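Visitor: turn this into a structure:
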Amino acid sequence: MKLTDIFFPPRCAGCDTITEDAFPVCKACNELRIRPFNSKNRCDTCFLSVRDCICTKRQYFSKLSVCFFYDGPPKRTVFRMKFRARPDIAKAYAKLIYLSLQERELTDSIDAVTFVPMGRYRKFKRGYNQSELLARHIARLCNKPCIPFLIKESTASVQHDTKKIFRKGNLLGIYEPDKKYEAEIKGKRILVADDVTTTYSTFNEIAKTLLIFGADEVYAAACTATKKSKKY
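Guide: Have a look, this model is predicted:
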């Protein structure tokens, strides 16, 4: 056992309880995990069965990896990471996202990892960008660079405070490449990390921007996702 494990024992990414080993989730939460559906009758984007597919009708990212549905203990744990000053949870979730990427055979396809940028005031107020923390931990596990390709240009409303029907319009044109890294986008297969995805609008807008500026392909990875209703 490492000395750090005595003072900072490993915790489950799903429910935040102390775990007995270094595996990122406890046995109970491992049963809740979204695993890829290993059959021909599956979605090629989210890797779930066609019946359970959580993709939208139109999206610009080509692969999606999600650990849990946004419900129960994982929902509460993500809330703590975002709003209760628990940046340490990002490390546990990054391990779980890395495991999900391995299960979907995507780790070797990634050239770089990036994240959903946050406005300066919100980052100052919270003290960190949880998406950035996730991306940096994932990049380290994948042995890939974490590059802040994008900046947030406008003062759009915060997504979790915006009604679902308005979220897509709320994001149009708010992300632009950081001039320092714009040239590095071209030809890369980029993974975008975030904590929660509901309507997929954020991933979609970021993927579209990266593709416009030359990315070869864009993948998306999130801790949790809202389960789509049958109308999707």
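
Visitor: tell me the helix or strand right after the helix or strand of the chain with the lowest mean pLDDT.
Guide: Using mean pLDDT, DSSP states H and E, the weakest-scoring helix or strand in the chain turns out to be helix 167-171, at a mean of 46. The first helix or strand that comes after helix 167-171 along the chain, using DSSP states H and E, is strand 175-177.

Visitor: what's next to that next one, contact-wise?
Guide: For strand 175-177, contacts defined as CB atoms under 8 Å, 6 or more residues apart in numbering pick out 117, 149, 150, 151, 152, 153, 185, 205, 206, 209, 213. All C-beta atoms are positioned from the backbone trio N, CA, C, and that covers glycine.

Visitor: ok, now which ones touch the last one?
Guide: Contacts for residue 213 were tallied using CB under 8 Å, 6+ apart; they are 177, 182, 185, 186.

Visitor: from residue 186, how far off is the first one?
Guide: Remark: distance between residue 177 and residue 186 (CB to CB, to the nearest Å) = 10 Å.

Visitor: quick one: which of the two has more around it?
Guide: residue 177 (19 against 11; other CB atoms under 10 Å).

Visitor: hey, what's the more buried one bridged with?
Guide: With beta bridges defined as DSSP bridges, residue 177 has these partners: residue 150.

Visitor: quick check: the gap between it and residue 117.
Guide: Between residue 177 and residue 117 the distance is 11 Å, computed by CB to CB.

Visitor: in which helix or strand does residue 132 reside?
Guide: Per DSSP H and E: residue 132 is located in helix 130-142.

Visitor: now do the helices in this protein.
Guide: 3-7, 27-32, 72-83, 89-103, 120-126, 130-142, 167-171, 182-185, 201-212 (DSSP state H).

Visitor: any idea which of those helices has the lowest pLDDT on average?
Guide: Lowest mean pLDDT within those: helix 167-171, a mean of 46.

Visitor: just give the closest residue to residue 92, not the sequence neighbours.
Guide: Closest residue to residue 92 apart from its sequence neighbours, by CB to CB, 6 or more residues apart in numbering: residue 13 at 3.9 Å.

Visitor: show the model's pLDDT score for the one you found.
Guide: pLDDT, residue 13: 95.

Visitor: that one: neighbouring residues, count only.
Guide: 31.

Visitor: now swap in residue 107 and tell me
Guide: Neighbour number of residue 107 under other CB under 10 Å is 18.

Visitor: spit out the contact partners of it.
Guide: By CB under 8 Å, 6+ apart, the neighbours of residue 107 are 98, 101, 142.

Visitor: which of the contacts of residue 213 lies closest to residue 43?
Guide: residue 185 (26.7 Å; CB to CB).

Visitor: thinking that closest one is in contact with residue 149, fair?
Guide: Yes - the pair residue 185 / residue 149 is scored as a contact, 5.7 Å apart, by CB atoms under 8 Å.

Visitor: any shared contact partners between the two?
Guide: Listed as contacting both residue 185 and residue 149 by CB under 8 Å, 6+ apart are 177, 210.

Visitor: between the two, tell me which one has more neighbours.
Guide: residue 149 (27 against 23).
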